[in-house]
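**Q** Sequence and computational prediction follow.
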There are 2 protein chains.
Amino acid sequence: MPAEKFEVLGLGNAIVDVIARTEDDFLIKHGLAKGGMMLVDEAAADRLYESMGAATVISGGSAANTIVGLSSFGIRTSFVGKLHDDEAGRSFAHDIRQSGVHFETPFAKEGSSTARCLVLVTPDGERTMNTYLGACQNLGPDDINEEIVRNSSILYLEGYLWDPPAAKDAFKKAAAISHAAGNKVALTLSDSFCVDRYRDEFLELIRHKVVDIVFANQHELKALYQTADFDTAVAAFRNEGVLGAVTRSEQGCIVVTREETVAVPASPIEKLVDTTGAGDLFAAGFLAGLVRGCDMRDAGRLGGLAAAEIIQHYGARPNVNLADHAAENGLTIPA
Amino acid sequence: MPAEKFEVLGLGNAIVDVIARTEDDFLIKHGLAKGGMMLVDEAAADRLYESMGAATVISGGSAANTIVGLSSFGIRTSFVGKLHDDEAGRSFAHDIRQSGVHFETPFAKEGSSTARCLVLVTPDGERTMNTYLGACQNLGPDDINEEIVRNSSILYLEGYLWDPPAAKDAFKKAAAISHAAGNKVALTLSDSFCVDRYRDEFLELIRHKVVDIVFANQHELKALYQTADFDTAVAAFRNEGVLGAVTRSEQGCIVVTREETVAVPASPIEKLVDTTGAGDLFAAGFLAGLVRGCDMRDAGRLGGLAAAEIIQHYGARPNVNLADHAAENGLTIPA
């Protein structure tokens, strides 16, 4: 591994996004819950692909998108995720490395193909995701390089890691190493359906101080506390004693600690094209600010700016250099 | 083959585009001529890919882009092009079929992988293309289905077909069948470097009436007649007796016959992102108008509208339904 200290290390499912525009009728016909992420097996993914429209293929994966966003902000980053040695896997590895991210997780040479997410984007810009986890199911504790974890100021983990069988063991191992080295651990709750699947585990991670920083959108937060009332959820969340960042789409975000709540408005956009990656890129901007010592308000602004960029084009990887983009919008990332 | 008559049949190199943003420095460092299309072997393509940035993968190919554009205008289309049976080839086949295009060319089961074009887009929106022809080199006369050619009102051919060894034989066979059935044959000159490579052959196709309709941009037209003066080239072109459509970027297009010259202004755009496919989509709009009986001015407007759509996003396949887009802009495609 390189000698320099990393600022953020991401651990997540390494997925290639296959994106097609579609009408609402298609979602209804195929029984897909709009706005959600559904896990599918390879046969179901193949069937859905056959009936969906012409596609654009771009590397994705929630934590991977965040890490690439951080790199675009000029943050020193590393990523761990499992790929198969196939065309899609080689593209993903190429893309993340060429985005300036240190990536050394070995390819799986046998077993399932590289994970893919069939992303259906409706005319309102909402995305509906169908994920075949494939090679991600082979991620395990052996993929964690202890030295890199120790040398990364923040470890960023996605809640989706609870889906593949051994990834949660990699998650827990990395979190323990990170805390033992005096670093911080961040978690994104990923998706409200994911919260429904693993509510008790996520609450345990928060309450047992396995994680220090938690990202959620309003739906995920309400799902976590099983309430329809946002304020009730926020009050419960504040009481956990973590640093929490809660996104609310066009209403911006709130940053909460036990001591205070800071509300930051959303960045303006010209045209909503595809919401894929909004939460991932918010986390990128927020963590970029946090790791470089910005206050909560500026960290929230950086998150909002990155999210606004990503939802104005297809795909969840930035189309601009985010450090330059921030500077053009009056926000500088401290050196 | 289906019973219905096709309106346009396209024959071209079946290529997957691998698109990355880059700075001008990268082109200089790699000795790439900005704005051009260079043929590269697989090793050179692999080397360039390794050093280029994170990429977006979208089906491409010049004539294929045109045919998909025509289908988006509601025109009944078919395409012939050679793919390998690999991930990229299966994506291309999926995309063109799901775009409503009839496509039945069998995969090559052995030999080179599916063709790919490494498209480098600079901040000015200009694209520089590096094409590995791969499986396209296996396209030959046997891939021409005579019944489909006879049943297609217009046969659309790309000049790039002169690059692979046997594709020109497929081109000539298809053109002969088309004319024998009383149909029209269209040719795009493709690229000024392509014109330099095959000037004599292209002039022969025009002068021997192998083609009836010719698409060119101003650079290609000047290359064809080896003149630096556009008006000189246009005068020579008018004299050929074909229907010619010449595009001039933001200056719009001119449509020429021996009898008249019609100038049509370009459609306005908000932001130039990526010029890839501008000529291909102009041809789509123009042919859509032509095959449905529009006058030259409306055909030129439809071409300009489709070109304007394609250059405002990455990739050379339309992001909107072009028939609806035309209607919203006051242009209707006759039934």
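**A** Everything's here; your move.
**Q** Report all helices and strands that the least confident helix or strand in chain A by mean pLDDT contacts.
**A** Among the secondary structure pieces of chain A, namely its helices and strands, strand A:37-39 has the lowest mean (mean pLDDT, DSSP states H and E), a mean of 94. Counting contacts by 3 or more Cβ pairs under 8 Å, 6 or more residues apart in numbering or on different chains; DSSP states H and E, strand A:37-39 is packed against strand A:127-132, helix A:192-207. For the C-beta atoms, the positions are set from N, CA and C on the backbone; glycine is no exception.
**Q** counting contacts, what elements does the shortest one pack onto?
**A** Contact analysis of strand A:127-132 by 3+ Cβ pairs under 8 Å, 6+ apart lists strand A:37-39, helix A:42-51, strand A:115-121 as its packing neighbours.
**Q** from the chain's centre, how far out does the helix or strand following it sit?
**A** Scanning forward in sequence from strand A:127-132 by DSSP states H and E, the next helix or strand is helix A:146-150. Average the C-alpha atoms of helix A:146-150, do the same for its chain, and the two points are 21 Å apart (Cα atoms, centre = their mean, to the nearest Å).
**Q** With mean neighbour count and mean pLDDT as new columns, can the helices and strands packed on strand A:37-39 be given to me in CSV?
**A** Compiled in CSV, these are given as follows (neighbours: other Cβ atoms under 10 Å in any protein chain shown; pLDDT from 0 to 100):
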stretch, mean neighbour count, mean pLDDT
strand A:127-132, 23, 97
helix A:192-207, 17, 96
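**Q** In JSON lines: the ones you listed, plus distance to A:I177.
**A** Listed next are those as JSON lines, based on distance: least, Cβ to Cβ, whole Å:
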{"stretch": "strand A:127-132", "distance to A:I177": "28"}
{"stretch": "helix A:192-207", "distance to A:I177": "15"}
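**Q** Among the ones you listed, which comes closest to A:S152?
**A** Distances from A:S152 to each of these were compared by Cβ to Cβ, and the smallest falls on helix A:192-207, at 18.4 Å.
**Q** which strands and helices sit next to the closest one?
**A** Counting contacts by 3+ Cβ pairs under 8 Å, 6+ apart, helix A:192-207 is packed against strand A:37-39, strand A:184-188, helix A:218-224.
**Q** tell me the most buried of the ones you listed?
**A** Greatest average neighbour count among the helices and strands packed on helix A:192-207 goes to strand A:184-188 (a mean of 24), per mean count of other Cβ atoms under 10 Å in any protein chain shown.
**Q** ok, residues contacting that strand?
**A** Residues from elsewhere that reach strand A:184-188 (Cβ atoms under 8 Å, 6 or more residues apart in numbering or on different chains): A:62-63, A:66, A:153-159, A:175, A:178-179, A:202, A:205-206, A:210-216, A:279-280, A:283, A:287.
**Q** Around chain B, pick out the residues from chain A.
**A** For chain A, the residues in contact with chain B under the definition Cβ under 8 Å from any Cβ of the partner chain are A:20-21, A:49-50, A:52-59, A:68, A:86-88, A:91, A:94-96, A:98-99, A:313-315, A:317, A:319.
**Q** can you tell me which of those are in strands?
**A** When those are checked against strands using DSSP state E, the ones located there are A:20-21, A:56-59.
**Q** quick one, phi psi at the residue nearest the centre of chain A?
**A** Centre of chain A computed as the mean C-alpha position; nearest residue by Cα atoms, centre = their mean is A:S62, 3.1 Å away. Geometry field for A:S62 lists phi and psi as phi -60, psi -60, criterion degrees, to the nearest 10.
**Q** With chain B as the reference, measure out to it.
**A** Spatial separation of A:S62 from chain B under the definition Cβ to the nearest Cβ, to the nearest Å is 17 Å.
**Q** quick one: that residue and A:L11 touch, right?
**A** No: under the contact definition of Cβ atoms under 8 Å, A:S62 does not touch A:L11, with a separation of 10.8 Å.
**Q** Determine the residues that are contacts of both of those two.
**A** Taking Cβ under 8 Å, 6+ apart as the contact definition, A:S62 and A:L11 share the neighbouring residues A:E158.
**Q** what sits up against stretch A:88-102?
**A** A:1-2, A:6, A:14-16, A:57, A:59, A:61, A:64, A:67-68, A:71-72, A:77-79, A:83, A:103, A:107, A:113-114, A:116, A:135, A:148, A:317, B:20, B:49-50, B:52-55, B:57, B:87.
**Q** One more pass at 6 Å, please.
**A** Taking contacts as Cβ atoms under 6 Å, 6 or more residues apart in numbering or on different chains, the residues outside stretch A:88-102 that touch it are A:14, A:16, A:59, A:67-68, A:71, A:77-79, A:83, A:103, A:107, A:114, B:53-54.
**Q** Apart from its chain neighbours, what residue comes closest to the residue of the stretch 201-335 of chain A found nearest chain B?
**A** Scanning the stretch 201-335 of chain A for the residue nearest chain B gives A:R317, at 6.2 Å (criterion: Cβ to the nearest Cβ). The shortest distance from A:R317 to any residue other than its chain neighbours is 5.4 Å, reached at A:V68 (Cβ to Cβ, 6 or more residues apart in numbering or on different chains).
**Q** Repeat that for A:I269.
**A** For A:I269, the nearest residue in space outside its immediate sequence neighbours is A:A308; the separation is 5.0 Å by Cβ to Cβ, 6+ apart.
**Q** so A:A245, which of the three states?
**A** Taken by DSSP: H, G, I helix; E, B strand; the rest coil, the conformation at A:A245 corresponds to strand.
**Q** And it, how far from A:R301?
**A** Counting by Cβ to Cβ, to the nearest Å, the gap from A:A245 to A:R301 is 12 Å.
**Q** So for these two, which sits in the more crowded spot?
**A** Here A:A245 and A:R301 are set side by side on neighbour count (other Cβ atoms under 10 Å in any protein chain shown), and the busier one is A:A245, at 28 against 25.
**Q** Wait, the more buried one touches A:G285, no?
**A** No: under the criterion of Cβ atoms under 6 Å, A:A245 makes no contact with A:G285, lying 10.0 Å away.
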